[in-house]
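In: Pasting the sequence and the predicted coordinates here, then a few questions.
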Amino acid sequence: MQQHPWEYLSIRILIGWLFVCLLPAVILFWEYILTDNILLTQINSIIASSVALILSLIGLDRLTQFPGQKSMITVLPTLLASGLIVGLVLLVFRVPYSVYYLSLSAVIGLTFCFLSQVFLRSVTQVTIGYVPIGRYQTLLSIKDVRWVKLTKCFQPDSHKRLPFHAVVADFADECLSGEWEQLLAETALQGTPVYNILQVSESLTGRLPIKHLYENNLGSLLPSQSYLLIKRMVDTVVIMMSMPIVMPIALLVVLTIKWEGRHSNSAVLFKQRRIGQGGKLFTMYKFRSMIPSAEDKGAQMAIDADMRVTKFGGFIRKTRLDELPQFINVLKGDMSLIGPRPEQLDFVEQFNDTIPFYRYRHIVKPGISGWAQVMHGYASNEDETKVKLEHDFFYIKNFSLTLDLLIVIKTIQTMMTGFGAR
């Protein structure tokens with residue numbers, strides 16, 4: 001299938017540069033351009049704006065490759081991050097620049113990126129042809145994709161350009177006959193990619209199915225050791241820099257919990273043994289959001305409208321403020337800012353016996369927020385836990401800075417909307 005020109009990153013960068021970088025220069029520096037007397041300050045400003053735009057568009061392109069996320073929420077954080085990087089360079093090296101130009105360029109850039117993402121979403125609906133054999137029914141429930149059923153009468157060699165972005169088939173099914181295999185081979189020769197059903201399902205849902213984890217999949221789930229070290233350093237730096245903001249908020253939460261529980265004399269902090277990286281036990285901290293007797297009958301999963309949750313507890317659970325004390329766990333090295341959520345010992349022992357490969361989620365440090373949390377929310381039973389585990393495996397397989405940044409953005413959205421809170 002022929003791509004729309006706007007799907008090419010180079011086209012978006014070129015058009016963006018004309019509007020975001022060149023247009024403000026023409027508006028503000030026209031007299032200098034006519035007299036061929038452009039100042040160094042103006043040149044520096046145009047270069048800074050160009051670098052920020054390129055970083056923003058590349059960042060947006062990378063972030064929108066991940067499934068199950070609305071690209072619009074990534075625009076503002078991506079632009080702010082790019083602007084911050086360029087701004088720090090200008091300040092550190094004391095490079096002269098034009099405030100008026102960069103301000104106008106930033107406004108136009110924000111508008112351009114929003115409109116670009118809106119238009120990009122409108123022209124990039126994915127069309128996938130599928131072979132109606134095997135487990136294809138599981139694909140048809142995936143939204144935002146136009147599914148086209150193939151027949152043996154379809155002849156790829158009769159089309160100059162196939163009307164699909166890709167073709168998918170269940171290669172493991174014995175009913176995939178030689179006739180179908182020839183059709184798929186011809187499709188690939190025509191330049192249209194042919195994928196296994198498992199690859200497509202993973203890329204569109206952000207989940208790695210547990211029951212299809214073969215040995216080659218497990219080999220690909222080994223996280224980058226170098227990024228693990230970088231991640232540890234970044235976690236520490238981010239927490240230390242955020243302390244001036246976090247501490248006053250935490251103090252307000254502490255005072256409110258104390259006032260709400262003034263008659264019960266309950267503790268502000270909730271401590272619980274959780275399973276960390278490598279299956280090691282550690283003590284996790286949270287602000288108390290439930291009544292003191294919440295777990296007198298043993299560990300229980302949170303459910304919708306849980307009667308154990310206090311009034312203020314419901315608020316801090318919805319906004320995720322109850323997780324703030326886990327910054328201590330991150331500084332101690334028990335947790336990371338981003339990763340699979342740590343589970344209780346009782347549940348881990350249960351899931352190890354009933355859910356295949358459950359132990360594998362402990363190959364990385366647990367996190368305060370994670371891919372499963374922003375995509376699914378809390379799990380209240382074993383079936384939902386299996387779905388969350390598939391999200392965890394997807395995170396481990398795609399373990400990277402880009403995915404972590406996307407989770408940070410979606411975590412902020414989750415805090416604002418209360419998605420998945422119980």
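Out: Yes, it's here.
In: So, low pLDDT: which residues of the protein?
Out: 1-2, 67-71, 155-162, 211-221, 292-307, 418-422 (pLDDT under 70).
In: Which residue ranges of this protein form strands?
Out: Taking DSSP state E, the strands of the chain run over residues 126-130, 145-149, 166-169, 194-196, 269-275, 281-287, 336-338, 367-369.
In: now those strands in CSV, with distance to Pro209?
Out: Any C-beta I mention is one placed from the backbone N, CA and C, and that applies to glycine too. Output for the strands of the chain, formatted as CSV (distance: least, Cβ to Cβ, whole Å):
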stretch, distance to Pro209
strand 126-130, 17
strand 145-149, 17
strand 166-169, 15
strand 194-196, 12
strand 269-275, 23
strand 281-287, 29
strand 336-338, 23
strand 367-369, 22
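In: Please identify which of the ones you listed is closest to Gln344.
Out: strand 269-275 (6.2 Å; Cβ to Cβ).
In: Report the buried residues of the closest one.
Out: Phe270, Arg274, Ile275 (16 or more other Cβ atoms under 10 Å).
In: Now distance to Met284 too, for those, in JSON lines please.
Out: Output for the buried residues of strand 269-275, formatted as JSON lines (distance: Cβ to Cβ, whole Å):
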{"residue": "Phe270", "distance to Met284": "9"}
{"residue": "Arg274", "distance to Met284": "4"}
{"residue": "Ile275", "distance to Met284": "10"}
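In: which stretches of the stretch 201-350 of the chain form helices?
Out: 215-220, 225-260, 311-318, 326-332, 345-354 (DSSP state H, counting those that start in this stretch).
In: Make JSON lines out of those and add mean neighbour count.
Out: Formatted as JSON lines, the helices of the stretch 201-350 of the chain follow (neighbours: other Cβ atoms under 10 Å):
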{"stretch": "helix 215-220", "mean neighbour count": "10"}
{"stretch": "helix 225-260", "mean neighbour count": "13"}
{"stretch": "helix 311-318", "mean neighbour count": "18"}
{"stretch": "helix 326-332", "mean neighbour count": "19"}
{"stretch": "helix 345-354", "mean neighbour count": "14"}
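In: possible to save those helices as JSON lines with distance to Val387?
Out: Output for these, formatted as JSON lines (distance: least, Cβ to Cβ, whole Å):
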{"stretch": "helix 215-220", "distance to Val387": "18"}
{"stretch": "helix 225-260", "distance to Val387": "25"}
{"stretch": "helix 311-318", "distance to Val387": "20"}
{"stretch": "helix 326-332", "distance to Val387": "23"}
{"stretch": "helix 345-354", "distance to Val387": "13"}
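In: Which one, of these, ends up nearest to Val118?
Out: Per Cβ to Cβ, nearest to Val118 of those: helix 311-318, 29.2 Å.
In: For Thr236, find the nearest of the strands of the chain.
Out: Comparing the strands of the chain by Cβ to Cβ, strand 336-338 comes nearest, at 9.8 Å.
In: ok, residues contacting that closest one?
Out: Here strand 336-338 makes contact (Cβ atoms under 8 Å, 6 or more residues apart in numbering) with 231-232, 234-235, 238-239, 330, 364-370, 404, 407-408.
In: who does that strand pair up with?
Out: Strands that pair with strand 336-338, judged by DSSP bridges, come out as strand 367-369 (parallel).
In: Out of the helices of the stretch 201-350 of the chain, flag the one nearest Val107.
Out: Between the helices of the stretch 201-350 of the chain, helix 225-260 lies closest to Val107; by Cβ to Cβ that is 26.5 Å.
In: Please tell me how far Leu55 sits from Leu79.
Out: 9 Å (Cβ to Cβ, to the nearest Å).
In: Apologies, that question was intended for Ser50.
Out: 14 Å.
In: Can you report how many residues lie near Arg12?
Out: 23 (other Cβ atoms under 10 Å).
In: now Val200
Out: 21.
In: Once you drop chain neighbours, what's closest to it?
Out: Excluding the flanking residues, the one nearest Val200 by Cβ to Cβ, 6 or more residues apart in numbering is Val168, at 4.7 Å.
In: what's near enough to touch that neighbour?
Out: Contacts of Val168 by Cβ under 8 Å, 6+ apart are Ile128, Gly129, Tyr130, Val131, Tyr136, Leu139, Val194, Tyr195, Asn196, Ile197, Val200.
In: Generate CSV for the residues you listed, with distance to Gly279 as supplementary columns.
Out: CSV is the format used below for these (distance: Cβ to Cβ, whole Å):
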residue, distance to Gly279
Ile128, 39
Gly129, 44
Tyr130, 40
Val131, 41
Tyr136, 37
Leu139, 35
Val194, 40
Tyr195, 34
Asn196, 32
Ile197, 32
Val200, 33
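In: Report the distance from stretch 246-265 to the chain centre.
Out: Between the centre of stretch 246-265 and the centre of its chain there are 32 Å (Cα atoms, centre = their mean, to the nearest Å).
In: who touches that stretch?
Out: So stretch 246-265 is contacted by 239, 268, 287-288, 291-292, 310-312, 316, 321-322, 324-325, 327 (Cβ under 8 Å, 6+ apart).
In: Can you pick out the most distant pair from these?
Out: Among the contacts of stretch 246-265, Ile239 and Ile291 lie farthest apart (Cβ to Cβ), at 29.9 Å.
In: care to break the protein down by domain?
Out: The record's domain parsing of the chain by automatic domain parsing lists 5-123, 126-205, 225-417.
In: residues in contact with the closest residue to Ser336 other than its chain neighbours?
Out: Leaving aside its sequence neighbours, Ser336 sits nearest to Lys365 (Cβ to Cβ, 6+ apart; 4.3 Å). Applying Cβ under 8 Å, 6+ apart, we find Lys365 in contact with Leu228, Gly276, Gln277, Gly333, Asp334, Met335, Ser336, Gly339.
In: roughly how far apart are Lys365 and Thr414?
Out: Taking Cβ to Cβ, one finds Lys365 at 20 Å from Thr414.
In: and if you look at Val20?
Out: Taking Cβ to Cβ, one finds Val20 at 30 Å from Thr414.
In: who has more neighbours, those two?
Out: Val20 (26 against 21).
In: Quick check: the more buried one touching Ser49?
Out: Yes - taking Cβ atoms under 8 Å as the definition, Val20 is a contact partner of Ser49 at 6.6 Å.
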